[in-house]
Every structure is written in C-alpha cells, then in structure tokens.
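Asker: predicted model follows, preceded by the sequence.
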Amino acid sequence: MDTKLEREVRFLKFYAVVATIICAALFVVSFVIGNSRKKFDEIDVGRINIVEKDGTLRMVISNQDLQHPGIVNGKIIPRETPRPPGMIFFNQLGDEMGGLIFGENGGKGHFGQLSFDKVKGDQAIGFRYLESDNGTYSTGLEIWQQPDIPGDVLQDKIAAVKQIKDDTEREAAIQKMRENNELTTRRMFLGKGRDNAVSLEMCDIKGRPRIKLTVAADGNPRLDFLDEAGNVTSTIPE
C-alpha cells in the first residue's frame, strides 16, 4: 500500500507538471498578445479606422456605404446621400481636415480629388480630375477662400437664407454674406478645361476673376485683366 509520503510525492509531481503547463501556456498567450503586428497577404474590408492609442480618430479608409460623413467644429456633417469612397483625414481637434475621394460621374465618367480643409472649415486647396461620360475632362489645382466662420455655423446661416421665400430678399441676403466674406469663393485655378485650353485664373476675395492667362487649344496665348464687374480692361496681345 502507498504510504502517505508516496502519495504526497506523486501529488507534488502532478502539481509541478500542471503548473509548468499553465506557465508555458500563459507565456505563449502573452507573447501572441504582445506581438500585435500582423501580416496579411490579402484582406477584404469595408472600412478601416486609424486611431491613436487613446482612441482618437485620425483617418478613415472606407467604401461608399460605410464612409464617414465628416465632422466640423465637433459636429457630424449632415448629408442626404452617401459620400464617395476614399480616405478622410481628421486633425487633433477631431474635425475633418481633408481627404482623397473618387467615384463615378455618369456611365463611363469618373472623378478624383485630393483636398485639405481650413481648421473648422471646408476645403482650402485641392487637386481635381473630372471626366464626363462623353470623354471630355478638366483637371487642375484649385485654391478657395474660406470665411473665418466655423463650418457648422456657416451652414446654418446658408440654410436660413434659403428659407427666405421672396427672391429679391433672398438674393440680397446672399449678396450681404458675399460682401461680408462669409461665403466660400474660388481664388485660383491652374489647369486644363474641357475646351482643351490650359489656364491660370486668379480672383479677388469675392471670387471675381481679375486675371486670366490662357493658352487655347490652337496654341494662341492670351492675358486678360478684368475689373470688378468682369469687364476686360486690358489684353495682351491687344
């Protein structure tokens, strides 16, 4: 018969084996968890959120169905239709600061755009390519003047103006916003138009073209200077 000492020795051996297995298992698990770097040959995914260690969202890579609507001044941007697929960037405040988007433009047409936004505002600079179904296209660099107003506040003001039923009164309200530099205006375009001409157009802060430098499709160059009303005041060559 087994003595008490023999039973205790067998128990200690069993305990030692079990403890060793548990320690080995914990070591393997900790190693796997600690090694968070994974490698994939191929992956299909609808959306990827890039976040900081504290969970702050910095970038979204998504298809159209799951695309982020955007955030401005800490508020989600309301949208009636889905945004195009692509990458949306977010700054340290949590607001959208631009992105790379692309999509279709009717049948065989498509578009692509890389842009960056003013803080708490809309796009201030962008590279665009836009091709229609018939094959004509425009492409270039654009710079916009953004008002010094948070985007959500500006959208509320524009929505209120659109509610004005009287056409004359509504246009006067829009003109007042324009005079107060409260509307987005295009300041510069450098690129190619659908007419196959390349041009540089520079505008004043109200968005009115003041200088146009053009090389037409036939090769003829032209430089126009315009007044506030859009009238050409001087042309080179005359």
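Answerer: Here it is on my side, so go on. Residues are numbered from 1 along each chain as shown.
Asker: how about the contacts made by Gly98?
Answerer: Going by Cβ atoms under 8 Å, 6 or more residues apart in numbering, Gly98 touches 88-89, 114-117, 123. Bear in mind the C-beta positions are built from the backbone N, C-alpha and C, glycine included.
Asker: out of the residues you listed, who's nearest Ile149?
Answerer: Using Cβ to Cβ, Asp117 comes nearest to Ile149 of these, at 13.4 Å.
Asker: what's around that closest one, how many residues?
Answerer: Neighbourhood size, Asp117 [other Cβ atoms under 10 Å]: 23.
Asker: tell me what the helix or strand hosting Val60 is packed against?
Answerer: For Val60, the element it lies in under DSSP states H and E is strand 57-62. Secondary-structure packing of strand 57-62 (3 or more Cβ pairs under 8 Å, 6 or more residues apart in numbering; DSSP states H and E): strand 47-51, strand 86-90.
Asker: list the helices and strands the last one packs on?
Answerer: Right, strand 86-90. strand 57-62, strand 96-104.
Asker: any chance of those in TSV, plus mean pLDDT and distance to Ala229?
Answerer: As requested, those are exported to TSV (pLDDT from 0 to 100; distance: least, Cβ to Cβ, whole Å):
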stretch	mean pLDDT	distance to Ala229
strand 57-62	96	44
strand 96-104	95	34
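Asker: select, out of these, the one closest to Phe225.
Answerer: So among the helices and strands packed on strand 86-90, strand 96-104 is nearest, using Cβ to Cβ, at 32.8 Å.
Asker: and that closest one, what's buried?
Answerer: Applying a neighbour-count criterion of 16 or more other Cβ atoms under 10 Å, one finds 96-101 buried in strand 96-104.
Asker: farthest-apart pair in those residues, please.
Answerer: Farthest apart among these by Cβ to Cβ are Met97 and Ile101. That separation is 13.6 Å.
Asker: burial check on Gly126, number of neighbours?
Answerer: Neighbour count for Gly126, taken as other Cβ under 10 Å: 17.
Asker: let me see the ranges of the strands in this protein.
Answerer: Under the criterion DSSP state E, the chain contains strands at 47-51, 57-62, 71-72, 75-76, 86-90, 96-104, 110-117, 123-131, 137-145, 185-192, 198-203, 209-215, 221-226, 232-236.
Asker: as TSV, those with distance to Arg178 would be great.
Answerer: Compiled in TSV, those are given as follows (distance: least, Cβ to Cβ, whole Å):
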stretch	distance to Arg178
strand 47-51	38
strand 57-62	33
strand 71-72	21
strand 75-76	25
strand 86-90	29
strand 96-104	25
strand 110-117	21
strand 123-131	18
strand 137-145	11
strand 185-192	8
strand 198-203	13
strand 209-215	15
strand 221-226	17
strand 232-236	22
